[in-house]
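Visitor: need coordinates for the following:
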Amino acid sequence: MNASDNQALHGISIPACPAILTQLMDELKSPLINSKKIAILISQDVGIAAVVVRTANSPLVGGGRRIASISDAVKMLGFGSLANLVHEALLQNAISSEGTSLERFWDSSRYTAIASKRLASIVGRVNPDTAYTFGLFHDCGIPLLAQRYPEYKNVLRDANQNAARVFTDIEDEAIGTSHAVLGYYLARTWGLTDAVTQGILNHHDYAQLEDPRNIHSEAHRLIAINVLAEFVAGTHLRTVQDTEWLKARDAVSICLGYVPTDLDDIADDLIYQFDQALNHPDEG
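Guide: Residues are numbered from 1 along each chain as shown. This next block holds a predicted model:
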C-alpha cells in the first residue's frame, strides 16, 4: 500500500482477507470441485455454517423446505450462491463493532444483493452471482467510517437527503474520504474482480452509466443494477431513501436499455415478491 492509499484510508484499518475464504474460494474454483470437502470446510466455521443453513431455510430461497445439514444446503444452493454466502458471513464478522447495531445495515445489504441477483437475471449481460457480490459489498465502507468518525452518522444523513450533490462528494468534504473508497480497498484486499472493485469505487458516479469508458466494461452495469436494487430493498424494508434512485433513474435507463417506466414495473414486481415472501413464508 503506497502513501496515497494511506492518505485515502485516513488511518482506517482494512480487514484482512480471512484464511478460510481463500481456502473455500480455491476449492470452489477447482476443476475437480468436491462438495463434500466444501461442506467440511464450512462446518469448521460456525458463523459461515449458520448463514448457509439459515439462507437455505429462508422463504426467499428454500420455499418452505427445511434443511438441517450443511451437505444438503450445499446441494440446494449451488456453488455460486454458496460463495456469496461465505463472503457475507465473513464480511459481517470482519466489520462487526461492539456497541453498534448493524442489523439494519446488513438487512439492507442482503436484500440489495438478492435484488441485484434477480435484476441481473432479468436485464442480462451481468453474471447474477457477481451482481449479488456487488450488492453485498458496495456499502461495506459505511460501518468502517462509522467506527472511525463519531460524526459520520450525521454526514450519512445529510448525504442521503441531498438531491443536488453527489453522495460521495458530501463525505469527502466532511471527512476527507468516502465509503466508496473504503469499500474499494476492502474489496480489492479480499480478491474481488476488477469489475466489482471499480464499480464499488464509482457507484455514486452516475455519469459513468452514460459514458463508461473510464471503468471496467461490466462495472457500469453493476452500478446501474445496484441503484435499482437499493431502491427495491429500501422500499421493502420501509427504510427507503429514494434520492439516489431519482438522481440515477434516467442514466440507469440508458445504461440498461429500458424506458424508465419499465424499470419502475420491474421494481414493483420485485418489491411484491419480497413482501409476499415475508408475509407468507410457508408458501412455495
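Visitor: just say helix, strand or coil for residue 15.
Guide: What DSSP: H, G, I helix; E, B strand; the rest coil gives for residue 15 is coil.
Visitor: out of everything not next to it in sequence, what's closest to it?
Guide: residue 94 (3.8 Å; Cβ to Cβ, 6 or more residues apart in numbering). Any C-beta I mention is one placed from the backbone N, CA and C, and that applies to glycine too.
Visitor: and the one you found, backbone torsions?
Guide: Torsion angles at residue 94 (phi, psi; degrees, to the nearest 10) stand at phi -70, psi -30.
Visitor: ok, it touching residue 21?
Guide: No: counting by Cβ atoms under 8 Å, residue 94 does not reach residue 21; the two are 9.6 Å apart.
Visitor: give me the number of residues near residue 49?
Guide: Residue 49 sits with 18 neighbouring residues when counted by other Cβ atoms under 10 Å.
Visitor: repeat for residue 75
Guide: Residue 75, neighbours per other Cβ under 10 Å, totals 14.
Visitor: thought it was touching residue 39?
Guide: No: using Cβ under 8 Å as the test, residue 75 is too far from residue 39 to be in contact (9.1 Å).
Visitor: tell me the SS of residue 269?
Guide: Residue 269 is classified as helix under three-state DSSP.
Visitor: can you name the element that comes right after the helix or strand of the chain with the lowest mean pLDDT?
Guide: Lowest by mean pLDDT, DSSP states H and E among the helices and strands of the chain is helix 3-9, with a mean of 61. For helix 3-9, the succeeding helix or strand toward the C-terminus, using DSSP states H and E, is helix 19-29.
Visitor: for that next one, buried residues please.
Guide: For helix 19-29, a neighbour-count test (16 or more other Cβ atoms under 10 Å) marks 20-21, 24-25, 27 as buried.
Visitor: try stretch 102-112
Guide: Here stretch 102-112 shows 102, 105-106, 108-112 as buried, counting by 16+ other Cβ under 10 Å.
Visitor: next: stretch 185-192.
Guide: 185-188, 190, 192.
Visitor: ok, residue 39 to residue 32 distance?
Guide: Per Cβ to Cβ, to the nearest Å, residue 39 is found 16 Å from residue 32.
Visitor: who has more neighbours, these two?
Guide: residue 39 (19 against 6).
Visitor: contact partners for the more buried one?
Guide: 69-71, 74 (Cβ atoms under 8 Å, 6 or more residues apart in numbering).
Visitor: among the buried residues of stretch 185-192, which lie within helices?
Guide: Secondary structure from DSSP state H places 185-188 of the buried residues of stretch 185-192 in helices.
Visitor: what packs against the host helix or strand of residue 235?
Guide: Assessed by DSSP H and E, residue 235 sits inside helix 219-237. If contacts are counted by 3 or more Cβ pairs under 8 Å, 6 or more residues apart in numbering; DSSP states H and E, helix 219-237 sits against helix 103-123, helix 128-137, helix 194-201, helix 207-210, helix 243-256, helix 260-279.
Visitor: tell me the most buried of the ones you listed?
Guide: Comparing these by mean neighbour count (mean count of other Cβ atoms under 10 Å), helix 128-137 ranks first with a mean of 25.
Visitor: relative to helix 194-201, how tilted is whatever helix or strand comes next after that one?
Guide: Using DSSP H and E, the helix or strand that follows helix 128-137 towards the C-terminus is helix 141-148. In terms of direction (axes from the mean of the first three to the mean of the last three Cα atoms, to 10 degrees), helix 141-148 departs from helix 194-201 by 50 degrees.
Visitor: which SSE is immediately downstream of helix 141-148?
Guide: helix 152-161.
Visitor: residue 217: how many residues sit nearby?
Guide: When neighbours are defined as other Cβ under 10 Å, residue 217 has 12 of them.
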